[in-house]
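[1] using only what follows, build the 3D model:
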Amino acid sequence: MVRVSDIANEVVEDVFMKVWTSQSLLRNVENLSVYLYVAVKNQSLNRLSAQAREWMVSGLDNLEPDVAVINNDPYTFTVTNEMLNRVNHAIDQLPPRCKMIFKLIREDGLKYKEVAAILNISVNTIDVQMATAVKRISEALGIPKNIPQQQSAKKI
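    Model prediction:
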């Protein structure tokens, strides 16, 4: 999430320091892997937020942004925003476990093996849950199941 290995190491160190100083809280934790993952994710977000605040205070004069140009017309913006809302609504309607797995993979960018290790389940279970998520989201968006493939114009 932080994209810099030194900062990532600092984030992990911070989390382990907090865990060490508040060991009594760990007695209430059911799944340590999930707890640590969420703690590191939250600490990373806090670190990114602090960095953003620092940029706002110090000014952005020294940055050289590389911003992609998108079509800013109102129609495109409205359609894109509407589609995003529909996708988010479809994700929110997923069963809790399926939703969590989908978000870990699609939003957090984890690999199937990483999610399987965190949740202590098999990669096949992750595969099935992702297939279920994609199917339900597609249905909610009205995307047809089988889109016919175009046949090649060249025939041998």
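[2] looking at the chain, which helix is longest?
    For the chain, the helix with the greatest residue count under DSSP state H is helix 32-58.
[3] for the residue nearest the centre of the chain, give me the pLDDT.
    Residue closest to the average C-alpha location in the chain (C-alpha atoms, centre = their mean): E107, at 1.4 Å. At E107, the model reports a pLDDT of 83.
[4] what of the one 10 residues further on?
    Model confidence at A117, expressed as pLDDT, equals 84.
[5] what is the burial count for it?
    Per other C-beta atoms under 10 Å, the neighbour tally for A117 reads 14. (Each C-beta comes from the backbone N, C-alpha and C, glycine too.)
[6] same check, this time on S138
    Neighbours of S138 (other C-beta under 10 Å): 13.
[7] hang on, the earlier thing: look up how far K99 lies from the residue nearest to the centre of the chain.
    11 Å (C-beta to C-beta, to the nearest Å).
[8] re earlier: show me what the longest helix of the chain is packed up against.
    Contacts defined by 3 or more C-beta pairs under 8 Å, 6 or more residues apart in numbering; DSSP states H and E place helix 32-58 against helix 5-21, helix 112-119.
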